[in-house]
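1. build me a model from this:
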Amino acid sequence: MPGRRAFLASLFAAGMCPKATWADAGNPDYLAAAKVPSGAFALVGLRGDGSAAFEIPLPARGHAAAAHPQAPLAVAFARRPGTFALVIDCLAGRVDAELTAAPGHHFSGHGAYSADGETLYTAENFYDEGRGVVGIWDVGSGYRRIGAFSSEGVGPHEMLRLPDDTLLVANGGIETHPETGRAKLNLPIMRPSLAYFDRDGSLLDQVEPPRAWHRASMRHIAARADGLVAVGCQWQGDLADTPPLLATHRRGGPLHFSTAGGDLWRDMQGYVGSVAFSGAGHEIALTGPRGGFIAIAADDDSAIRTYQAQDVSGAASRGDGFLLTTGGGAMLSIDHGAPNVVTRGPKVWDNHLVRI
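-> Below you'll find the predicted structure:
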């Protein structure tokens with residue numbers, strides 16, 4: 001007798017049942033890329049208790065994913081400067097489409113759907129011209145590329161759809177080129193920024209760090225329901241001069257860098273892997289895989305507490321607190337105290353944990 005997932009997939013394909021939802025795909029709460037014990041790679045749908053709702057093979061190492069807001073569809077992105085972006089039917093366990101970057105472009109590991117799920121946006125490096133763009137893809141026509149607009153910076157990385165359907169892009173400011181791999185080509189003149197766009201690509205707002213901190217690459221972002229944005233930076237200068245790696249921002253206002261933390265930012269090796277708001281919204285988690293730290297900051301910048309955790313990178317909300325993943329196969333939860341191990345296994349979790 002066919003399993004429920006295969007049965008529903010066959011009905012859906014035949015147009016005989018209502019449109020499938022994430023519940024039909026096993027009710028995952030998160031998406032994460034992983035290296036599995038065989039040495040292959042996969043996109044995994046995870047529940048808050050650490051169990052897997054599905055595991056779908058990827059052709060190479062993944063970085064992050066974009067979850068469709070209604071249907072059980074995800075776009076899995078390769079690690080920069082990878083070239084694949086796969087649209088995956090998480091119910092049927094198959095690749096429905098493969099996005100092809102425009103000539104002279106490569107994907108930057110992140111993307112976001114519009115609120116209605118009709119449009120996909122992808123962060124891209126237009127390396128032939130040394131600038132960032134946002135690709136626009138029409139979902140209804142099989143993910144046909146219908147245009148692009150400037151990211152108003154260099155090296156766009158993480159991007160989010162905010163609650164009001166505004167698109168937010170973190171321009172890391174770092175120029176790269178496939179011929180030189182992950183080499184950073186413009187550090188003396190880099191200009192990271194946050195840029196807000198309407199869904200047609202019109203620039204609504206843009207902010208940069210102070211000029212003295214222009215090497216604070218603004219790469220990872222999270223947003224709260226009321227529009228407050230948290231930014232996790234990666235410092236490209238001397239570690240002895242590491243500035244705060246956490247900033248917050250509201251559209252139309254100034255960029256505020258944390259005044260707490262002290263030597264924490266240097267101890268994190270100048271590197272934030274992910275940033276997330278807690279489920280309650282009053283705290284911000286930053287992961288430091290290079291330094292082996294988790295930092296939990298109050299949203300009002302009043303305090304930061306830290307915990308040691310080896311190779312911790314992925315972060316997302318869970319309940320009132322957080323769920324985090326490590327390269328050692330662990331999933332950790334933080335509520336009001338120290339981290340607890342939710343589960344530990346043989347998978348090597350990659351950089352990000354994406355909340356569906």
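2. when you work out contacts or count neighbours from here on, use the C-alpha atoms and nothing else.
-> Fine.
3. all the strands of the stretch 1-150 of the chain, residue numbers only.
-> 30-35, 41-46, 52-58, 62-67, 73-78, 85-89, 94-98, 105-113, 119-126, 131-138, 144-150 (DSSP state E, counting those that start in this stretch).
4. which one of the ones you listed lies closest to Pro209?
-> Set against Pro209 and scored by CA to CA, the strands of the stretch 1-150 of the chain come closest in strand 131-138, at 18.1 Å.
5. the closest one - what's its average pLDDT?
-> Mean pLDDT, strand 131-138: 97.
6. and that strand, what does it pack against?
-> When contacts are defined as 3 or more CA pairs under 8 Å, 6 or more residues apart in numbering; DSSP states H and E, strand 131-138 packs onto strand 119-126, strand 144-150.
7. highest average neighbour count across the ones you listed?
-> Burial of the helices and strands packed on strand 131-138 is given as mean neighbour count (mean count of other CA atoms under 10 Å); strand 119-126 ranks first at a mean of 26.
8. strand partners of that one, parallel vs antiparallel please.
-> Strand 119-126 pairs in its sheet with strand 105-113 (antiparallel), strand 131-138 (antiparallel), by DSSP bridges.
9. the inter-axis angle of the first one versus strand 73-78?
-> Right, strand 105-113. 150 degrees (axes from the mean of the first three to the mean of the last three CA atoms, to 10 degrees).
10. with the last one instead?
-> Inter-element angle recorded for strand 131-138 and strand 73-78: 150 degrees (by the same axes, to 10 degrees).
11. dump the C-alpha coordinates for strand 131-138 into PDB.
-> What follows is strand 131-138, C-alpha atoms only, in PDB (Å, rounded to 0.1, in the frame of the first residue of the first chain):
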ATOM      1  CA  ARG A 131      28.300  44.500  -8.400                       C
ATOM      2  CA  GLY A 132      25.300  42.800  -6.800                       C
ATOM      3  CA  VAL A 133      21.900  42.200  -8.300                       C
ATOM      4  CA  VAL A 134      18.600  40.600  -7.200                       C
ATOM      5  CA  GLY A 135      17.100  38.200  -9.700                       C
ATOM      6  CA  ILE A 136      13.300  38.000 -10.200                       C
ATOM      7  CA  TRP A 137      11.700  34.700 -11.000                       C
ATOM      8  CA  ASP A 138       8.000  34.000 -11.900                       C
END
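12. pull out the buried positions in it.
-> The neighbour-count check on strand 131-138 (16 or more other CA atoms under 10 Å) flags 131-138 as buried.
13. go on, stretch 227-236?
-> 228-236.
14. pLDDT of that stretch, averaged?
-> 98.
15. ok, stretch 344-356 next?
-> Rounded mean pLDDT across stretch 344-356 is 96.
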